[in-house]
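J.: with the sequence up front, the predicted model follows.
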Amino acid sequence: MSVLERIQAEVEGHPIVLFMKGTPQFPMCGFSSRAIQALTEAGATQLHTVNVLEDPEVRANLPRFSNWPTFPQLFIHGELIGGCDITVELFESGELARMISETQAS
Ligand SMILES: N[C@@H](CCC(=O)N[C@@H](CS)C(=O)NCC(=O)O)C(=O)O
Ligand code: FES
């Protein structure tokens, strides 16, 4: 499986996926930490995460796949939502909680 196929399988295999630096328990960067915090506070319980620090191939190729240059990257239902700033903005407006409750209910 090529790395792009692996990325595709990750985002199609789980409704909510965060590509991040570190893990939810031990985020290795403030941007990833803030994204996890927003997702958790918005009620995400079925969150699948990929630690790009442990997968250099994904780190190098995800920006090409998603057309988004940095980490973290949030995908819902296989679609890129954005990085830390967008995730936090969606949380603050209440939109993230709505998207997550719809996703987890379906
Ligand atoms: N404004 C960005 C901040 C994220 C960011 O700047 N990430 C950098 C530093 S962690 C990054 O991923 N750089 C590329 C890399 O480390 O591969 C967001 O909203 O997500
Ligand atoms: S790892 Fe340095 S800013 Fe994210």
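T.: Everything's here; your move. Ligands and ions are numbered 1, 2, ... in the order given.
J.: what's the average pLDDT for the strand or helix carrying Glu12?
T.: Glu12 is part of helix 3-13, with elements assigned from DSSP states H and E. Helix 3-13 carries an average pLDDT of 97.
J.: repeat for stretch 76-88
T.: Averaged across stretch 76-88, pLDDT comes to 98.
J.: okay, the single nearest residue of the chain relative to ligand 2 and Pro15: tell me how far apart.
T.: The minimum distance from the chain to ligand 2, using Cβ to the nearest ligand atom, falls at Cys29 (3.2 Å). C-beta here means a position set from N, CA and C on the backbone, and glycine is covered the same way. Plainly put, Cys29 is 24 Å away from Pro15 if you go by Cβ to Cβ, to the nearest Å.
J.: for the one residue sitting closest to the centre of the chain, helix, strand, or coil?
T.: Central residue of the chain (Cα atoms, centre = their mean): Leu18, 1.9 Å from the mean position. Look at Leu18: counting by DSSP: H, G, I helix; E, B strand; the rest coil, its state is strand.
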